[in-house]
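Asker: Please work out how this folds:
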Amino acid sequence: MIKQFLFSNIVFPLVELCSSTNFWSLYKEMLRFQNSDDRQRSKFQHKKLATLIKTAGKDVEYWQEVFVEAGIDVNSIVPENAVQTLKKIPVTNKLVYCSGFPDKITVKGTQDNWQYLSSAGTTDRMTVVTDFNKRDHLRAAEHLNLNIAIGQPLGKPGIDVPPHACNIICGLADEGPEPLFQYIIWSINNKSIFSQTSISDLRGRIERQILLNRKTLLPVKAASWDEMKEQLDNYLDMILDENIEVLRGLPHFLFWLAKRAKERNLKFSKIKAVLPYGGLASEIMIKQISNAFFAPFINVYGTGEVGAIGCSEKNDDAIMVYQNLVYLEILDDDNEPVEKGKPGKIVVTDLTNFAMPIIRYEIGDIGVAIQSQEEDNLPRVIQILGRQQESIITSKGKLVTARDLQNLFFGYENILNFKLVQISNDLFKAVIVCNNEVDKKSLAKDLAELLGTSLKPSIKESAFITPEASGKYVAFKVNRLMTHV
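Answerer: You can find the predicted model right below:
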């Protein structure tokens, strides 16, 4: 409590007074926004949207061309017509930003405060340019996530197990020792304490070690269950020995840790919240993870390109959208809004990145609106169903999502991982990883029923499944080159 008071009322205000950062003020603004009513949220959002569209139309070559073609007059954009203007803008994807990078899609003018970020999803990487304003919004969102998860914005002792080693290397492998005070002494001895690089690296260490209080571990290596248990046991022992209170990781890693914790009959009394680190966690995964760690599962949602998008309540996979950070739409294949309760593609406009405006960006996920805002019928609470590329349209026109597949396969207690491959319209094969016997006949029957096929899928066991280049695991892939199971 003393730490919370000192940082909230003395340290952070002084930091903002003496530097260009304002992340703490932004965090408090976000907190007030979450507690405001629909009308206030819409007014605030439309104002930011109008400013973003104007900036894009005046200072970004690509958007200037788009606006001319769409007949949009930049000078006429005001908060009252921002949404109508946005709907005239075509939906974009990674190719748009990659092909025009950087000159055509970034704002003209100074680049003194620019930073370059790379996303690493299940598709090709996309580099995003941000400025200090976006950086501060990203930091503020981290504190908002923590406040929702554990009731306070500063970190309790935590562990992160990210999906890809780059999440560690890119953040922790800069020059100099990682411990904060050792780094300060090292940079003084090297006469680099006031260099821009040292200040940036120092800020990162303060954020990781003091504000967020996290220790980042290596991803769980794909291996047989007997081999993987050694790494899982080391992490579980660390969680217990160091009284870890916040556990974050790729949902598959959390799922395996939960499985192993159950095998060892471990009891956790300190963990206050478990949060995913990229990837999808279905209802059955959330239930097993939460039960194993005796803690609520807080389902945070975001992307590398945009940052935080929303967060769930405890043990609920319904995501409350951060409408002060993004304008989120759920659209059909014709880019028209879908009705509440019907699945569609997630399209977001980043309201905080003015260095590289990301507008109506199709992020590759399928979702459904659970609750809409009365003021403008905008999705307020959503559920993520999985990646578009991991969804199946069956020969009978039925949509089967990655969430559906996770709930089916992980409903079998001894299945640790799986991958479904489509050979032809009605022919599928599944690879499963198990820690004990699985009724394959029953699984094949359930899978055929889910997929609406009369052809029985083949089920084969494997010691392990290799992740994608991103470090994540996919539930479904198409392989039309194969002619037999």
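Asker: Does the most centrally placed residue in the chain fall in a helix, a strand, or a coil region?
Answerer: In the chain, the C-alpha nearest the mean C-alpha coordinate belongs to Gly302, at 3.1 Å (CA atoms, centre = their mean). Per DSSP: H, G, I helix; E, B strand; the rest coil, the local secondary structure of Gly302 is strand.
Asker: what separates it from Leu144, distance-wise?
Answerer: Distance of Gly302 to Leu144, given as CB to CB, to the nearest Å: 11 Å. All C-beta spots, glycine's among them, are computed from the backbone N, C-alpha and C.
Asker: circling back: so the residue nearest to the centre of the chain touches Ile309, yeah?
Answerer: Yes - contact criterion CB atoms under 8 Å: Gly302 and Ile309 qualify, at 4.8 Å.
Asker: Which residues lie in contact with the residue nearest to Leu427 when sequence neighbours are not counted in this structure?
Answerer: Closest residue in space to Leu427, ignoring its immediate chain neighbours: Leu455 at 5.5 Å, by CB to CB, 6 or more residues apart in numbering. Leu455 makes contact with Asp426, Leu427, Phe428, Ala448, according to CB atoms under 8 Å, 6 or more residues apart in numbering.
Asker: tell me which strands and helices the longest strand along the chain is in contact with?
Answerer: Under DSSP state E, the strand in the chain containing the largest number of residues is strand 361-372. Using 3 or more CB pairs under 8 Å, 6 or more residues apart in numbering; DSSP states H and E as the contact criterion, the elements in contact with strand 361-372 are strand 326-331, strand 343-350, strand 379-387.
Asker: who does the residue nearest to the centre of the chain bridge with?
Answerer: Partner residues in beta bridges with Gly302, using DSSP bridges, are Ala308.
Asker: pLDDT score assigned to it?
Answerer: As summarised for this prediction, Gly302 has a pLDDT of 94.
Asker: Over to Cys166?
Answerer: For Cys166, the pLDDT comes out at 57.
Asker: again with Gln115
Answerer: According to the per-residue confidence, Gln115 scores 83 in pLDDT.
Asker: Find the nearest non-adjacent residue to Gln59, please.
Answerer: Careful, residue 59 is Asp; it's not Gln. For Asp59, the closest residue by CB to CB, 6+ apart turns out to be Val107, at 4.2 Å.
Asker: Let me see the contact set for the one you found.
Answerer: Val107 is in contact with Thr55, Asp59, Val60, Phe354, Ala355, Met356, Pro357, counting by CB under 8 Å, 6+ apart.
Asker: gap between it and Val474?
Answerer: When distance is defined by CB to CB, Val107 is 35 Å away from Val474.
Asker: Could you check how far the residue lying closest to Leu146 once chain neighbours are set aside is from Leu31?
Answerer: Closest residue in space to Leu146, ignoring its immediate chain neighbours: Pro153 at 5.4 Å, by CB to CB, 6+ apart. For Pro153, the distance to Leu31 under the criterion CB to CB works out to 8 Å.
Asker: neighbour-wise, which of those two wins?
Answerer: Neighbours per residue (other CB atoms under 10 Å) separate Pro153 from Leu31, with Pro153 holding more: 23 against 15.
Asker: what secondary structure does Ala50 sit in?
Answerer: Looking at Ala50 with three-state DSSP, the answer is helix.
Asker: My guess is Pro153 contacts Ala140. True?
Answerer: No - contact between Pro153 and Ala140 fails when scored by CB under 8 Å: they sit 9.1 Å apart.
Asker: Now for the two: what residues contact both?
Answerer: Both Pro153 and Ala140 are in contact with Tyr27, where contact means CB under 8 Å, 6+ apart.
Asker: tell me the angle the longest strand of the chain makes with strand 379-387.
Answerer: Strand 361-372 runs at 130 degrees relative to strand 379-387, counting by axes from the mean of the first three to the mean of the last three CA atoms, to 10 degrees.
Asker: buried sites along strand 361-372?
Answerer: Within strand 361-372, the residues that qualify as buried are Tyr361, Glu362, Ile363, Gly364, Asp365, Ile366, Gly367, Val368, Ala369, Ile370, Ser372, counting by 16 or more other CB atoms under 10 Å.
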